[in-house]
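# below: sequence and its predicted model.
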Amino acid sequence: METLKFGFGGTLAMTTTARVVGFGLAMSVVCMAQSPPTQQRPAANPDTGRPGATMARAPQTQTEQAQIEAARLAMSAATITIKGHAFPKRLSSPGAKMQAQSFCEPYDTRKQPKVAELTAELPKGTKKDHSETFSSTYSPPLPIWVISSYQRTEENRIGPVSVTVDAVPGGYKVLSSSQFQSEYNSMKNYVLGLNILEKVKVDIALKLDEYVKNYSSYSMEISASHGTAMHKAVLSGAGKFNGRTAYHGWIDTVEVCAPPEATDQAALRQTLKSWVDGLVKGMPTALPKGGPEKLNPGSLIK
């Protein structure tokens with residue numbers, strides 16, 4: 001039997017057979033004490049190798065970031081929010097006063113009192129089997145207004161009188177969902193061809209998508225409105241020995257805005273294009289050297 005000594009002062013008695021095993025154990029202890037700690041490998045990036053992944057992670061230059069922020073500020077200034085819904089702000093022009101009479105904004109309302117007024121009378125002594133029909137109609141003088149509600153006011157009624165009030169759409173029709181989508185797709189393609197940064201194109205397309213969706217939603221709200229209110233009174237004679245028959249009344253209406261963008265594709269297209277052109281024209285900074293970045297069409301809203 002032999003005694004094996006370790007550097008840290010310990011001893012181990014062992015037989016010749018166990019000597020080799022003990023020596024190996026001692027060497028393992030020494031190697032573990034001298035080996036440096038294992039370094040952690042960086043985690044694999046799942047995006048590595050994906051097209052555009054490196055570009056997406058790359059920080060933007062100060063010039064590009066300044067352009068993006070300037071464009072966002074310009075879009076905010078060119079947007080109006082009405083009852084929580086965003087719409088493009090109309091461009092001012094020398095004929096703004098005249099345009100104000102031809103345009104209104106979504107959710108605008110107005111009251112029109114005493115329209116389709118009727119004043120009718122049958123003279124005293126008119127036979128009871130004789131009757132006459134009197135009528136009056138009213139339509140908003142400008143097509144941008146439609147009748148959302150109406151109420152009859154009666155000021156005078158003498159003798160046998162029958163009164164009815166009705167309203168009809170009058171050919172009023174809003175754009176369909178497919179028409180709104182078609183105009184958005186057209187404008188998205190127009191934005192793709194602009195000589196501006198990719199991120200600015202994406203921001204503009206997002207805003208256009210919001211505008212079109214809000215116009216479409218609003219058009220559904222006003223689709224049940226009316227274009228004409230009809231006021232009719234039928235007067236019958238009171239008899240040979242009775243007094244006259246008379247009626248006086250009118251209609252009061254509440255009207256809502258029906259902007260051209262909700263009823264006419266060409267008007268919607270012109271409004272959106274003018275908004276984009278004015279926005280791009282007003283951008284204060286130029287493109288970085290080398291021209292605009294290439295845009296992946298799939299990155300825009302569909």
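Structure received.

# the strands in the chain, which residues?
Here the chain has its strands, by DSSP state E, at 2-5, 11-14, 79-82, 85-88, 109-122, 131-138, 145-158, 161-168, 228-236, 245-257.

# for these, which one sits closest to Gln62?
Proximity to Gln62, assessed across these by CB to CB, is greatest for strand 79-82 (26.1 Å). (Each C-beta comes from the backbone N, C-alpha and C, glycine too.)

# pLDDT below threshold where in the stretch 151-300 of the chain?
Where the stretch 151-300 of the chain drops to pLDDT under 70, the residues are 170-172, 284-300.

# for it, what spans make up the helices?
Assigned by DSSP state H, counting those that start in this stretch, the stretch 151-300 of the chain shows helices spanning 177-192, 198-222, 260-263, 265-281.

# re earlier: same list (the strands of the chain) but as CSV, adding distance to Ser274.
Output for these, formatted as CSV (distance: least, CB to CB, whole Å):
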stretch, distance to Ser274
strand 2-5, 95
strand 11-14, 94
strand 79-82, 14
strand 85-88, 8
strand 109-122, 26
strand 131-138, 33
strand 145-158, 23
strand 161-168, 34
strand 228-236, 32
strand 245-257, 19
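
# and of those strands, who's closest to Asn185?
strand 85-88 (17.4 Å).

# what residues sit buried inside the closest one?
His85, Ala86, Phe87, Pro88 (16 or more other CB atoms under 10 Å).

# before we move on, what about stretch 125-133?
For stretch 125-133, by 16+ other CB under 10 Å, it's Thr126, Ser131.

# one more: stretch 69-82?
So, applying 16+ other CB under 10 Å, buried residues of stretch 69-82: Ala71, Ala74, Met75, Ala78.

# again, but for stretch 155-169
Gly159, Pro160, Val161, Val163, Ala167.

# and the first one, how close does it get to Ile204?
The spacing between Gly159 and Ile204, counted by CB to CB, to the nearest Å, is 67 Å.

# what's the answer for the third one, then?
For Val161, the distance to Ile204 equals 61 Å [CB to CB].

# cool, and the fourth one?
Computed as CB to CB, the Val163 to Ile204 distance reads 55 Å.

# do the second one as well
Shown here: Pro160 relative to Ile204, a distance of 66 Å by CB to CB.

# contacts only, for the residue lying closest to Tyr211 once chain neighbours are set aside.
Spatial nearest neighbour of Tyr211, chain neighbours left out: Pro88 (5.6 Å); criterion: CB to CB, 6 or more residues apart in numbering. Pro88 sits next to Ala78, Thr79, Ile80, Tyr211, Thr271, Leu272, Trp275 when contact means CB atoms under 8 Å, 6 or more residues apart in numbering.

# tell me the spacing between Pro88 and Ala74.
12 Å.

# and if you look at Leu206?
Counting by CB to CB - Leu206 and Ala74 are separated by 14 Å.

# swap in Glu155?
55 Å.
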